[in-house]
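Peer 1: give me coordinates for this.
(chains A and B)
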Amino acid sequence: MQTPTLHSDVLPEKKGTPPILKYNYKPFINCRPECRPSSAGSYFCPRAGFLSLLLVFFAAPAGAWADVRFNRDIRTILSDHCLSCHGPDAEQRKGKLRLDRRDEAMKPAESGEIAIVPGHPQKSSLVERISTSDRTELMPPPKSHKVLNEKQRALLTQWVAEGAKYEEHWSFTSLKRPELPSVKKSQWPRTPIDFFVLESLESEGLQPSQEAAPETLRRRMAFGITGLPPGQNLGATVDVETEKEMWLSSTQHGEHLARHWMDVARYADSAGFELDNPFSHAWRYRDWLVRSFSSNKPLDRFIQEQIAGDQLWPEDNDAKSGVLFLAVGPIKIQSSGIKRPEADENDRLTDLVDTTGAAFLGLTVGCARCHDHKFDPITQNDYYGIQALFSDSKRVISKESTKEAATPISVTLEPNTAPARVKVLRRGELDMPLRDAPPWLPSAFPGGGAVDDPALGRSALAFWLTRADNPLTARVMVNRIWQWYFGKGLVRSAGDFGRQGESPSHPELLDWLASELVSSHWDLRHIERLILNSATYRQSSTPCEALRTADPEQRLLGAFPRRRLQAEELRDALLFVSAKLNLTSGGPPIIPPLEPWALAALRNKNWTPTKDESELARRSLYLIVRRSIKLPFFEAFNGPDTVNSCSARESTVVASQALTLLNSDDSLRFSRELSGRLWMESKGDTSHAVSLVWRWLFGREPSPLEKQRAAAFLSSREVAWNKQAPDVRALPAGMDAAQAISSPKGAAWVEWCLALINSNEFAYVD
Amino acid sequence: MWTDLRSVLLNRRDWLSHAGGSLGGVALASLLAREERLFADGGLAAGNPLAAKAPHFPAKAKAVIYLFMHGGPSHMDILDPKPMLTKFDGQTPPEEFHKIKLEFTDVKKQKLMGSAQTFSRCGQSGIEICDSLPNLQQCADEMCVIRSMHHEVFNHTPAIWLANTGSQFPGRASLGAWLSYGLGSESDNLPSFVVMHSKPLKPGPGVWGNGFLPAVYQGTRISSGAAPVPYLTPPSALAGGNQRAVLDYMQGLNQEHAQHRHDRVLDARIASYELAFRMQSAAPEAVDLRTEEAATLEMYGKGFGEQCLTARRLVQRGVRCIQIYHGGDADDWDSHGDNDKQQGKRMAEVDRGCAALLKDLRRLGMLDDTLVIWGGEFGRTPTTEGKSGRDHNPYGYSVWLAGGGVKGGITYGATDDFGFRAVEKPVHMHDLNATILHQFGLEHEKLTWRQQGRDYRLTDVLGNVVKSILS
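Peer 2: Next up, the predicted model:
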C-alpha cells in the first residue's frame, strides 16, 4: 500500500485531478442554515397534532380518511420526501417536474408523464412511482434514504383521487381577523384569547384547569413580567392586579423583555471568532432595548429603528442606537495574514440577511444564499436583493489602542457612498458571481419585488417588514410574546414559520392576536395584558389526568406549562432573595471574576473583572456576553447561542447544573447571604425564619410539616457542627456583633439555605 | 445513570422511613407507588436522553480517543516524506500551484522548502515515519496513515470547527455529541464525552459543544487532580459538612413538591442531583493515576502521556468519546516561524504518549474496539513562510488511525510530489467523520437532528465512508 514516489529530475507534470475539482465540496460548505429536506419523517403526519391522529386511527375506516387536507396531511410528506428535487429550487430540479405548485404538477414532465391528474390516481405517475416495486423507478429513489410508508402513500393517493387540492402555507396567507369561536363554558373566558383555547379543548372533550392559587399566580406573573420573584410581603396591601400593573410599568419589565430580545438579536459584547475582540458599543443597543420595552415603544417603530433608525430619524440619538442591531453580530477580525475585504463584507451581509430573516420574518432565508429556497418562496434574487439593501451602509471598525492581543473595538454604521455592487453568487461563492443583484424585496409577499426608489436602501426594508399586510411580521412577533409568557410559542418553531417549521397549535388565535397587534398600532403592552388577564394564563400548572393523557405535550393549553427559570432569572432571584440585587439600570457590561479553570479556556484573556462588589450584583443582562466563552453559570443553565438568532432556549436538566448550584463559590455566597439576612430578620427564631424564607423563595406560607422538618434538619445539623467546629467562611454573612449567631447554629443555617436554593420549587415556576 | 436510580430511590425509601417519620404513612405509600409506576411504564427510562441506544448496524468500535493536534502538524515533516521537495529546495514552486489560496502567503512568491527531518521505514509494513517519533515508529503495524486528507478551510478557527462539527461556522454539534446522541451513555457515573486540553484553543470551548442537540450531549472538560470537573467538590469552607444530609433534606422537599404535580421533568431533576452526587466520587477516581503500576506510568510519561493514560482509564469506565487537544495558544503545531524546531518540539511532546497508548490498549485487549485518531485541523505548506516557517495547508495533509476496526500497517492515498494537494484517493474531513461514525455502527446519513426545518448531520450533505481502510 506504499505510495510510490515519482523519481525524476524534472519537475513533474500535473498529476491527477486536484481534489477540489473532483469533489467540488466547496459550494456546499457555505450553505448555512442548511437546506436539505428531512430524511427521517417516516412517521405519520407530524404537524397535525393528535387531533388528526385520532381521526386517522379511531374515526376513519381502514385505508381511507374522512378528508385529506393539504396543509395538515400532504404538505409535510411532499416537502420531506419530494421537494428537494421537485421543488422551487430550479437548479436542483430533476426531470423538469415541480410538485410544490399544482399547475406545474399537472403539466407533462420531461418524460412526458404527468405527475398529477386530479381525480385520476391511476393516470397519475406520482401515484405509480411511489408504489412501484421496480427500484429503478421508485420515488423517492432508494439512494436518497427517504422512504414513504404505507400511510403516506395511501394519503397521497387519496389526495390525488380527491382532486389534489393545494392550500397556501398558513403563514404566507394574508392576515384576517377571525371571529371569536362559540364555546359551551361561556363563563370561563376572561379575554378573547380564552375563546380560542376553550374551543379547541371542548372540541376534544376536555376542560381547562382550575385557576391557580393566588400566591402561585403572583409568583408566575412576577417572573413572567420582570424576571424576578414577587416582593417580600404575602397578601400585601395591594392585590395582584395592581401589582401586575406596577410590574408592567417597571424598568425591570423592560430589562426582562430586553434579555428575551437579546437572544433573538444574537447579542454579544464581543466579535467572536479567533480574536474575540470585546465590543465597546454593544451595550448601547442593549440599553436601547431596555428603554424601548420599558416605554412600550410601538413594535413597528421598534423594528424600523433596528433596521434603519439612522436613516429614518437621523436627529434622534435613541433611534440611532437601535440600528446597532446591525452592528453587534460576529465579526472575523484578522490580526495578520492576507486581507480579504470582499469576503468580510460578504460575511457581514450574510449575517444581516440571515438574522433579519430569522428575527422578523421567522424564515430561514439563509438557504437562499446558495440556491432558491427549497421549501419557502425566497429566491436567490430575493436573498441578494436584501443584501443589496443592506449594502447602503458600511461597517466602520475603530480600535482602541491597547497592548492587548484582542483590542476592544467599536463598530458603527456609516453611509456607503459608493457601495460595491452586490451580485447573486452561484452557490454563495464569492468567486462565482452570476448577475447583479438590484435592491429587491421578497417577491412572493405584498409589496415585494423591485424597490421603487433604490435610494431608500434599508428604509425600504424597514417599511416593508412593518406593512400591515406583511403576513409574517405580526404573526412572528405575537408568537414571540406568547413564548415569553408561556415558555413555548403557539408555533413552537419560533424562528421557522416556513414550510418546514411547525404549524401553530391554535392558528386562529395566532391570527387574532397578530391582527390585534396591527390594529392596536403595534401596542406590545396591549398584547401582554390580553395574555396576563386571560383565564388561559391563569390556570393551574397541574393538569388533570384526562388532560395529561390526551395532551401530554400540552399543546392544547389546558394548563399553564410549568417552566424552569432561565439562567438569568435564577441568578437574579438568588441575588434578590438575599437582598443583594443591585437594580441599577444600563451602562457598560459588568465583568465578573472567573475561576482559574474557566479563564484557562479563554485564549485572549483580556479579562479585567469589575472591582466594585455592588456592581457585581447587577442583573444578569448587564453581565458581559463574550462569544468565545460563556460565563460558567450561563453555560450550565442553557445560555443562548450568540452567533445565530436564538428563537428558543433549551431547558435541559443535567448533572452539571446540580454541581454548579451545590458546589460553586457563588452558591455558598448566596447561602451565606440569605442565611445572614434570614437570621437578622427572624431574630433567630426558627419558626419565623421558615415562614420568611418560604415567602422569599417560594412565594407562599410553609405547612406545619415543612416547619417541623426544617426545625429537625437545623437541630440535627447543629448537633453535628458542635462536634466539628465549622470554617468561618461557612457562616452567615453580614451579621453585626449584636446579632451574633453561634457558629454551629450558623453553619447549620447556611446548609439549610443551600438546600433551599437547590430545591425544585425554587427553580421552577408553576 | 438510570439503572442506578432505582437503588437511589430504594435508598430513599429507607430515608423516608427513617427521617420521614413526620411524613404521613399514606403519603409515603403513594410516593413510593408512584415511583414504582414510573419504572413499570418506562416513564423515566423512556425520557432519559442518555439511555443506551442500539446502533444502525453492529459496531466495530466502542470508544474513540481522538488526539487532536491543534495548529496544524506538518505532514511533510512527520508522515508524508517528500524527496522531490528536498530536491527542489529553495526553488519557486511550479505554476500549477500558484493559485492555491493560503492565509498568509502567496505561493508564487515563496520557495519550496525540503524537510529537515529524516524518515525510516518501520515495522513489517514499512510505513515511513519521521525519526523524531522513535516510540511511535514501533507501532507502525497498528497504524493506518491517511496521506490524502483535505478540505478547503485555511484558517484555524473555522477549520477546527469543521473537523469537530462538520461545518466551519459555529453552532453545529460536535462528533462526541453526535455519538452520545446516537448511542447514549455506557457509564452510570461519568459523562459519555470527555475532553482534555491544557491550553486555550483558538475556537474556544464551543467545538466540543452540543450545538443544536440537547445540552446533555455536550463534552465535559476534565483536568487532572482532585477536581477534574468544575464544581465537583463542595467548597472547602463546607468540607466539614455533611452534603448527603443536605441533599436528603432537599430531596425530601423535592419529593413532596413533585408528588401531586405529575411532571417527569421534576423527577429528572431529582435524579440529576443523585448522578451529580455519584460523579463526585466516580470522576476523581477515574483520573487518579496513583493506582497505576510504575511501569505503566513510566511508559506513558508526563503531560500529554498522562492525558493518554487518563483516556485509557475513562474508556475502561464506559466513556465513549475522549478528545485530547495537544497544544493551544502560542505553543501548538502552528509553525509559521521556525518550522523544524517547532514541529520537532511538538513531536517530542506526543511521541511517548501516543505509542504507550497503542501498546497499552493492545496489551489490555482494548485496541480492537477502541479507535485512536491522531491529526490536526490541517497540514502545512511545502513552501516557506518567512525564512523557515510553513503556512496553513488544508488541501493535502495526513492523519493516522489505529484500532477500532481499522486496518493496521497501511498508508492510504497520496499528495502530489511536494505535498500541496491530496491527489490520490482524497479523503475529505467529512469522509473521515463518516468513517468514524461507521465504526460505531452509525450511518452518517441517518444520524440526523431536525432544526429550523432541516435535518442536520455531522457530515453536512457530504461524506463517504472510506471502506478500504476497514478490516
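Peer 1: for the rest of this, base every contact and every neighbour count on C-alpha atoms.
Peer 2: Will do.
Peer 1: what residue is smack in the middle of chain A?
Peer 2: residue A:647 (1.3 Å; Cα atoms, centre = their mean).
Peer 1: just the pLDDT for the residue of the stretch 101-250 of chain A found nearest chain B.
Peer 2: With Cα to the nearest Cα, the shortest gap between the stretch 101-250 of chain A and chain B falls at residue A:145, namely 7.8 Å. On the pLDDT scale, residue A:145 is placed at 80.
Peer 1: so the residue nearest to residue A:122 when sequence neighbours are not counted, which state does it fall into?
Peer 2: Leaving aside its sequence neighbours, residue A:122 sits nearest to residue A:128 (Cα to Cα, 6 or more residues apart in numbering or on different chains; 7.3 Å). In terms of secondary structure, residue A:128 is helix; the call rests on DSSP: H, G, I helix; E, B strand; the rest coil.
Peer 1: so how far is residue A:134 from residue A:128?
Peer 2: 10 Å (Cα to Cα, to the nearest Å).
Peer 1: what of residue B:64?
Peer 2: For residue B:64, the distance to residue A:134 - Cα to Cα - is 41 Å.
Peer 1: who's more crowded, the two?
Peer 2: Each of residue B:64 and residue A:134 has its neighbours counted (other Cα atoms under 10 Å in any protein chain shown); residue B:64 has more, 27 against 9.
Peer 1: which residues does that one bridge with?
Peer 2: residue B:321, residue B:371 (DSSP bridges).
Peer 1: test my guess that it contacts residue B:371.
Peer 2: Yes. Residue B:64 lies in contact with residue B:371 (Cα atoms under 8 Å); the separation is 4.6 Å.
Peer 1: overlap in contacts of these two?
Peer 2: residue B:404 (Cα atoms under 8 Å, 6 or more residues apart in numbering or on different chains).
Peer 1: give the contact list for the residue lying closest to residue A:200 once chain neighbours are set aside.
Peer 2: Using Cα to Cα, 6+ apart and skipping the chain neighbours, the partner closest in space to residue A:200 is residue A:556 (6.9 Å). By Cα under 8 Å, 6+ apart, the residues touching residue A:556 are A:197, A:200-201, A:505.
Peer 1: what of residue A:609?
Peer 2: A:590-594.
Peer 1: just residue A:616 next, same as before
Peer 2: A:590-592, A:610.
Peer 1: so where's the stretch 401-550 of chain A shaky on pLDDT?
Peer 2: A:403-405 (pLDDT under 70).
Peer 1: count of residues packed around residue 358?
Peer 2: As the question left the chain open, I've gone with chain A. 26.
Peer 1: oops, I was thinking of chain B
Peer 2: Number of residues near residue B:358 (other Cα under 10 Å) recorded here: 24.
Peer 1: now do residue B:363
Peer 2: Count around residue B:363 with other Cα under 10 Å applied: 10.
Peer 1: kindly report the same for the one 5 residues further on.
Peer 2: Counted with other Cα under 10 Å, the burial measure for residue B:368 works out to 16 neighbours.
Peer 1: touching, it and residue B:407? I think so.
Peer 2: No. Contact criterion Cα under 8 Å: residue B:368 and residue B:407 do not qualify, at 10.2 Å.
Peer 1: next up, phi/psi of residue A:226, please.
Peer 2: Dihedral pair for residue A:226: phi -110, psi -10, per degrees, to the nearest 10.
Peer 1: so what's it closest to, chain neighbours aside?
Peer 2: Closest to residue A:226 by Cα to Cα, 6+ apart is residue A:253, at 4.3 Å.
Peer 1: give the next helix or strand downstream of the helix or strand hosting that neighbour.
Peer 2: Applying DSSP states H and E as the criterion places residue A:253 in helix A:251-264. Later in the chain than helix A:251-264, the nearest helix or strand by DSSP H and E is helix A:282-294.
Peer 1: in PDB, please show the C-alpha coordinates belonging to the helix or strand following that next one.
Peer 2: Per DSSP H and E, the first helix or strand lying C-terminal to helix A:282-294 is helix A:299-312. C-alpha atoms of helix A:299-312 as PDB (Å, rounded to 0.1, in the frame of the first residue of the first chain):
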ATOM      1  CA  LEU A 299     -43.400  47.400  17.800                       C
ATOM      2  CA  ASP A 300     -43.400  48.700  14.200                       C
ATOM      3  CA  ARG A 301     -41.200  51.500  15.200                       C
ATOM      4  CA  PHE A 302     -39.100  49.100  17.300                       C
ATOM      5  CA  ILE A 303     -38.400  47.100  14.200                       C
ATOM      6  CA  GLN A 304     -37.900  50.100  11.900                       C
ATOM      7  CA  GLU A 305     -35.300  51.600  14.300                       C
ATOM      8  CA  GLN A 306     -33.300  48.400  14.300                       C
ATOM      9  CA  ILE A 307     -33.200  48.200  10.500                       C
ATOM     10  CA  ALA A 308     -32.900  51.800   9.600                       C
ATOM     11  CA  GLY A 309     -33.100  54.100  12.600                       C
ATOM     12  CA  ASP A 310     -30.200  56.200  11.500                       C
ATOM     13  CA  GLN A 311     -31.800  56.900   8.100                       C
ATOM     14  CA  LEU A 312     -35.400  57.400   9.300                       C
END
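Peer 1: three-state assignment of residue A:414?
Peer 2: Residue A:414 carries the three-state label strand when classified by three-state DSSP.
Peer 1: now it: how far from residue B:296?
Peer 2: For residue A:414 relative to residue B:296 (Cα to Cα), the value is 63 Å.
Peer 1: which residue is the nearest non-sequential neighbour of residue B:155?
Peer 2: Nearest non-adjacent residue to residue B:155, counting by Cα to Cα, 6+ apart: residue B:103, 6.4 Å away.
Peer 1: residues in contact with the one you found?
Peer 2: A:337-338, B:154-155, B:391-392.
Peer 1: is it possible to export those residues to a markdown table including pLDDT, distance to residue A:218 and neighbour count?
Peer 2: Below are the contacts of residue B:103 laid out as a markdown table (pLDDT from 0 to 100; distance: Cα to Cα, whole Å; neighbours: other Cα atoms under 10 Å in any protein chain shown):
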| residue | pLDDT | distance to residue A:218 | neighbour count |
| --- | --- | --- | --- |
| A:337 | 78 | 58 | 11 |
| A:338 | 82 | 59 | 13 |
| B:154 | 91 | 55 | 21 |
| B:155 | 88 | 53 | 22 |
| B:391 | 95 | 62 | 27 |
| B:392 | 96 | 59 | 28 |
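Peer 1: list just the nearest of these to residue A:602.
Peer 2: residue B:155 (18.6 Å; Cα to Cα).
Peer 1: and the closest one, backbone torsions?
Peer 2: Dihedral angles (degrees, to the nearest 10) for residue B:155: phi -120, psi 160.
Peer 1: I figured it was touching residue B:380, is that so?
Peer 2: No. Taking contacts as Cα under 8 Å, residue B:155 lies outside contact range of residue B:380: 11.2 Å.
Peer 1: quick one: common contacting residues for the two?
Peer 2: With Cα under 8 Å, 6+ apart as the test, residue B:155 and residue B:380 both reach residue B:392.
Peer 1: which bits of the stretch 351-471 of chain B sit near chain A?
Peer 2: B:410-414, B:416-417, B:421-424, B:426, B:445-446, B:448, B:450, B:452-456, B:460-462 (Cα under 8 Å from any Cα of the partner chain).
Peer 1: confirm residue B:194 sits in a strand?
Peer 2: Yes. Residue B:194: assigned to a strand according to three-state DSSP.
Peer 1: right, and it touches residue B:219 too?
Peer 2: Yes. Counting by Cα under 8 Å, residue B:194 does reach residue B:219; the two are 5.2 Å apart.
Peer 1: the more surrounded of those two?
Peer 2: residue B:219 (27 against 23).
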